[in-house]
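**Student:** Starting from these lines, generate the structure:
(chains A, B, C and D)
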Amino acid sequence: MSERPVAGDKGFEPRIVAFFCNWCTYTAADLAGTARMAYAPNVRIIRLMCSGRLDPQFVLAAFRHGADGVLIGGCHPGDCHYQEGNYKALRRYLLLKRLLREMGIEEERLRLVWISASEGDRVQKVANEFTETIRRLGPLRLAPRPGMIRLPAAAQPEPQPAAREGVLP
Amino acid sequence: MSYLYFPGCSLKGTGRAYEESLLAVFRALGIPLAELADWNCCGATAYMSIDERQAFALAARNLALAEAQGASDNGAIQLIAPCSACYLVLLKAQRHLMTDTAFRQEMSGVLPGNMGDPGQIRIRHPLDVLVHDVGLQEIARHVRQPLRGLKVASYYGCQIVRPFALFDRPHDPSTMDDLVRTLGAEPVDWPLKTHCCGGSLTGTMPEVGLRLNYLLLREAQRRGADLIITVCPLCQFNLEAYQDFIRRRYPDLAPMPVLFFTQLIGMAMGLPPRELGLQRLLIPVEGRMAALSKEGAHARA
Amino acid sequence: MRAHEIYPNGGPRIGVYVCHCGFNIAGKVNVREVVEFAKTLPFVVVAREYKFMCSDPGQEMIREDVREHRLDRVVVAACSPSLHEATFRRALEQAGQNPFFFQMVNIREHVSWVTEDPREATEKAKALVAAAVRRVIFHEPLQRRRVPVKDRVLVVGGGIAGIHAALTLADAGKHVYLVEREPTIGGHMAMFDKTFPTLDCAACILTPKMSQVAAHPNITLWTYSEVIQVEGFVGNFRVRVRRKPRYVIEELCVGCLQCIDACVYKDARFPDEFNLGLGKRKPIYIPFPQATPRVVLIDPETCIWFKTGKCKQTCLEACERAAIDFKQQERIEEIEVGAIILATGFKTFDARRIPEYGYGKYPNVYTALEVERLVNASGPTGGEVRLRDGRIPKRVGIIHCVGSRDERFNRYCSRVCCMYSLKLAHLIKERTGAEVYNFYIDMRTPGKGYEEFYDRLLQEGVHFIRGRVAEVTDWAITPDEEGKLIIRVEDTLVGAVRRIPVDMVVLAVGLEPQPDADEVRRMFNISCSKEGFFLERHPKLAPVSTFTDGIFLAGACQGPKDIPDSVAQAGAAAAEALALIDKGFVELEPNTAYIVEALCSGCKTCIGLCPYNAISFDEARMIAVINEALCKGCGTCVAACPSGAARQHLFEDAQIFQEIEGVLAYV
Amino acid sequence: MASLEPRIHYEADLDPSFAREIIASSGSPSLMSCIQCGTCSSACPLSLYMDYTPRRIIAMVREGFKKEVLRSRTIWLCASCYACTVECPKQIRITDVMYALKRYAIREGVHPPRFPIPVLARLFYDTVRRRGRLTESWVVARLYLQTMPLRIPGMSTLGWKLLRRGRFPLLPEGIRDRRGLQRVLRVVERREVAR
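**Tutor:** Numbers count the residues shown, from 1 in each chain, chains lettered A, B, ... in the order given. All right, here's what the predicted structure looks like:
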């Protein structure tokens, strides 16, 4: 049983958008409901017919509009209702992770999970864990504006004083 | 591969023969064993009944020492614990350290060395090491005097197969039977392999403990065992030392030698009896062995 | 100023309806607050709450508002769309609106039932309503697709459930293909002697149905056959069936069994599968006398001809109809059906997994299924309960819940074991006069006449000891235990630990999914529940449907079931299949993908992605073309299209973007 | 006729928080899912000698029969062989529950007087705390002196035999870094008090 994360005295409350496949994870979330498995209310579920419908733009749009984390739920490998849409989702997910890294967004903010229709308890567990992860990461802040150069620490003989993290003219 | 060795208190006392035979067998097989420096009591059963967290702390100190001492060796640190109680408590404490992060942090400040990853230590029972690391084939290669005709009842007791059944089945374990066959002897099939000997109850509540041990010994006897081998100093002590007392209550019991499994291996390897601590047995085994070899000679003639 | 006031004529007119669902939603979510919030959302003309939106008055409320307020968009916040989306779409249709100007918000399963704090629940509900309102603005009128339905049905599995479903459909005039893996139909029921609680003879009630199947003009019976491939969708499944060679031509064999007598093996010497190895058979055999079809088969594993290539082939000479064919090959049949009923049954728990009970170690420990064969008049002992050494047991222990109600094996109760244990206790006592002990955790006898049967057994003097057995051992302590099996158990009602010596132990093994249930469910594109049985669409309201339209469940493949329940469910599955194919067509969700031709750059990215080959390339116009009849609506091509030319009805990018913004705009 | 009064259980005497405490201390929340099947009792090699079988102890803990449970012989007879734990169909860690009950009883001091098992535990605990290791011969000698002085003559032959075979060393064992060990134990102790 995963415990529901406790809100840090009404401090930061993560906003999480979840894209769930109609046939597995969405149904599992229904099952979690039927079984009254409470989980963090931060997760807002959007239904797709297949995780393969997940356009990478959806993820970027979610971050742009203020999501702190994005969850994708698809069928277990081999179980896709449409044969292999979940593999396509996996490919896009891996690409998106690299993209997010480039954009200065922690890649833990995006997570792909395989949850079958019978795994209501896993929806609960994943929702709680993911909310905790995002809570630890804090609100999404996009990377500092260009102009700052952070010199690689390893290349320097000794720790650099803050002043040397120079602003270019 | 080299191993660290955690003797535990009993192997320095009532179970001295266990230590002697274990070291002798490993030496003869050419496997180095280094005793864990300044080890302390594992925190076993009795301690656990007073204060579980302190018991875990005791075990944690041993794990920290092992990590410090074994750090030079590449790969996982292998820590051999021959006493079943030590083996179990060390495993239990290790799981506790791995799951309770608060406890781990608390410990890491005060323990010797720095407690890195407690999970990297592999706590092993010598039976597991001998059968699975060394291998029965290698042991067979060292057998000089096969124990032909000897019927051996293997007794596992409880704590090496329960609750963590890491190297054998908890209900019907078989590693020792395989080993017995390797040594040329014949394993006795009996249903009490893992029935408890009562632990310290034999001392504290004799009427209970003696009956438990009587039932074990009687069943081994009825199934034709010449001797019993054990993996635990407490089981060995209970089964062997109290036989006079048991016989006073249950006269149908004949003397039954109870050996450590390492003593039996040593005998088959032809190691000198003194090195195996055979002189420390209260019920000598030499008589049986002599009778056997006579029978064997007879059969050959 | 509200958004719809800015566009007095042009903007959409949205109605929002929030359901209390009794206390299910209203007990957690402040419905009034959600309604008030909805009223502030753009283009919302009317927002209301009601106790049960799905009820007639609730639907009427929507219909009236559509007419009165000229609503052209409706949002209902209630339960999961899988339950009532269709209901509300129909309501819209009845009010003269296009049913797809509708969006459902799941504030029960996804909010009130899974959120502890009422405040947080209310806020989450508001966010989801906001998202749906924004989404529904971008909805478009759509037409459902109508697809004709093949009026034939495939039934997989020829146990009592499959037999009953097949006969029901065949009697209704539909053609049925009944495919069974074993050489005969009948399943587990054919192995039983008597059935509880009436004690009527299993063969007497089953074999007439088996021969009806064989004789029915509307049933094509393929035994010794397996489904190997399933394609298509509701109404139009294409199925491939492998028919294994039995080395006997089914159409020629009349079941005279002279070939068996003639076999070069004079004695039956190979373990007989039907009798679970308790009896013997020859390499050429028939599983049991009433096997259906009554056709022999040859087991190549044991037949000398197959093993050595040298045999006098006396069977061949004995057959007057030349039905034996050593060169027979497997055949693949292809069929097209409109609906499929899965009735693949169960297997019993492997008692070896609990070594404490000594199955496989002590010869006098039996599984219940083996004892079914022992008490069966046509079984290996002719119905006499004899131990392997020929003795008749004087004391028998029946251990319940073997492999059931146990976190280490199966958590669930197997439902039938209490009752079949009672039956076996009765039969054993009747045949041998033995003292019979039942060891149970809880007696579960809910069913017509079941409790009365339990009472009968109590009256007969069968012992009932409440306690789960820890061990069966041959370790004798007292002289009366010598040579016996000793059952160690706590008699929990007396509060004493007992050692009960017996001659025979019967393990009441539980019911488990078939070992290949996972492969089967993949082939049919359905789901399994946690414990591995096939998952029904809804545990109460759609118990024989699956998440794949057109595929239905019957019998124990869906969960442990006794015979009455299996038959009832088979009837229900047959009715569902009949309702589907009798109509002649199905209406499909219009969620297909399409191409906006002006935007397509002809890059062909989408073409390889489609799992159904629904996309082709128009070389003349240099654009992709989607065949909507083949499209199943997964949207994979839409997500991949770099120019945004591929789109999906009901899941348009614009709609989903609005939904994203909606859930985030309000938190 | 003996008074019937002690046989009557008053609901008010029960401790409704007992189960919670034992679950926390044993780390076995599955205790609540016990279905009273009795596998633990029949797997237990010692249940024959117990006043309450392990199954009944679980039921009593769950219902708050604190006094009866802590005074029972059962918890002291548990030899920690884990047979119940591995066979429990609900995976209740019964052995750990028994440990938790022993600790509770020792803390509350409610075990039977001169009962050797808790005395042994205490001796064991004190010796290890002080010296870091246990010398069996010393602990056994003190145990008999404290709880079973009348049995000493009967045991002397065995003691002598063991002594002669070098299995009963007279020199007590100990570790070098006793300070360090005590530091470790004190940290845990402080935490306990802080709780």
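
**Student:** List the contacts of residue C:399.
**Tutor:** C:357, C:439, C:469, C:472, C:487, C:505-508 (CB atoms under 8 Å, 6 or more residues apart in numbering or on different chains). The C-beta positions use only the backbone N, C-alpha and C, and glycine is treated the same way.

**Student:** did I read that right, it in a strand?
**Tutor:** Yes: assessed by DSSP: H, G, I helix; E, B strand; the rest coil, residue C:399 belongs to a strand.

**Student:** Okay, helices next: where are they in chain D?
**Tutor:** For chain D, helices defined by DSSP state H occupy the ranges D:18-26, D:39-43, D:54-63, D:66-70, D:74-77, D:83-87, D:94-108, D:116-131, D:136-147, D:152-164, D:178-194.

**Student:** Apologies, that question was intended for the stretch 1-150 of chain B.
**Tutor:** Remark: helices assigned in the stretch 1-150 of chain B by DSSP state H, counting those that start in this stretch are B:16-28, B:45-48, B:52-70, B:84-99, B:101-110, B:126-128, B:136-142.

**Student:** Mean pLDDT lowest where, among these?
**Tutor:** Note on those: lowest mean pLDDT is at helix B:45-48, with a mean of 80.

**Student:** Could you write out the alpha-carbon coordinates of that one in CSV?
**Tutor:** The C-alpha atoms that make up helix B:45-48 are tabulated as CSV, following Å, rounded to 0.1, in the frame of the first residue of the first chain:
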residue,chain,number,x,y,z
THR,B,45,17.0,-14.1,19.9
ALA,B,46,17.4,-13.2,23.6
TYR,B,47,18.6,-9.7,22.8
MET,B,48,15.8,-9.2,20.3
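
**Student:** Poorly predicted segments of the chain, please.
**Tutor:** Just so you know, I chose chain A. Scanning chain A for pLDDT under 70 picks out A:1-10, A:143-169.

**Student:** wait, I meant chain D there
**Tutor:** In chain D, residues with pLDDT under 70: D:1-7, D:192-195.

**Student:** Which segments of it make up each domain?
**Tutor:** Chain D breaks down by automatic domain parsing into domains covering D:11-108, D:116-194.

**Student:** Do me a favour and get the end-to-end distance for the first one?
**Tutor:** Distance across domain D:11-108, first residue to last, is 21 Å (CA to CA, to the nearest Å).

**Student:** and it, how far out from the chain's middle?
**Tutor:** 11 Å (CA atoms, centre = their mean, to the nearest Å).

**Student:** and chain B, which residues reach chain C?
**Tutor:** Within chain B, the positions near chain C by CB under 8 Å from any CB of the partner chain are B:169, B:171-172, B:190-192, B:215, B:219.

**Student:** Repeat the analysis, applying 10 Å as the threshold.
**Tutor:** B:169-172, B:189-192, B:195, B:215, B:218-219, B:222-223 (CB under 10 Å from any CB of the partner chain).

**Student:** So which of the residues you listed are in helices?
**Tutor:** Members of these lying in helices (criterion: DSSP H): B:215, B:218-219, B:222.

**Student:** in chain A, which spans are strands?
**Tutor:** Assigned by DSSP state E, chain A shows strands spanning A:16-21, A:43-48, A:69-74, A:110-114.

**Student:** let me fix that: chain B
**Tutor:** According to DSSP E, the strands that chain B contains are B:3-5, B:33-35, B:77-80, B:121-124, B:151-155, B:186-187, B:227-230, B:258-260.

**Student:** Who is the residue nearest the centre of chain A paired with across the strands?
**Tutor:** For chain A, residue A:110 is the residue whose C-alpha lies nearest the centre (CA atoms, centre = their mean; 2.5 Å). Residues in a beta bridge with residue A:110, per DSSP bridges, are residue A:70.

**Student:** distance of it from chain B?
**Tutor:** Between residue A:110 and chain B the distance is 26 Å, computed by CB to the nearest CB, to the nearest Å.

**Student:** Equivalent analysis for residue A:21, please.
**Tutor:** From residue A:21 over to chain B the distance is 33 Å, taken as CB to the nearest CB.

**Student:** Quickly list the domain ranges of chain C.
**Tutor:** Domain ranges of chain C: C:3-142+C:660-666, C:144-244+C:330-345+C:514-586, C:258-318, C:349-512, C:589-648, per automatic domain parsing.

**Student:** Those domains into TSV, with extra columns for mean pLDDT?
**Tutor:** Shown next, in TSV, are the domains of chain C (pLDDT from 0 to 100):
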stretch	mean pLDDT
domain C:3-142+C:660-666	93
domain C:144-244+C:330-345+C:514-586	96
domain C:258-318	95
domain C:349-512	96
domain C:589-648	93
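
**Student:** What's the end-to-end length of stretch C:219-230?
**Tutor:** Start-to-end span of stretch C:219-230 (CA to CA) is 20 Å.

**Student:** thinking again about what came up before, which of the strands of chain B has the highest mean neighbour count?
**Tutor:** Stretch with highest mean neighbour count among the strands of chain B: strand B:258-260 (a mean of 28; mean count of other CB atoms under 10 Å in any protein chain shown).
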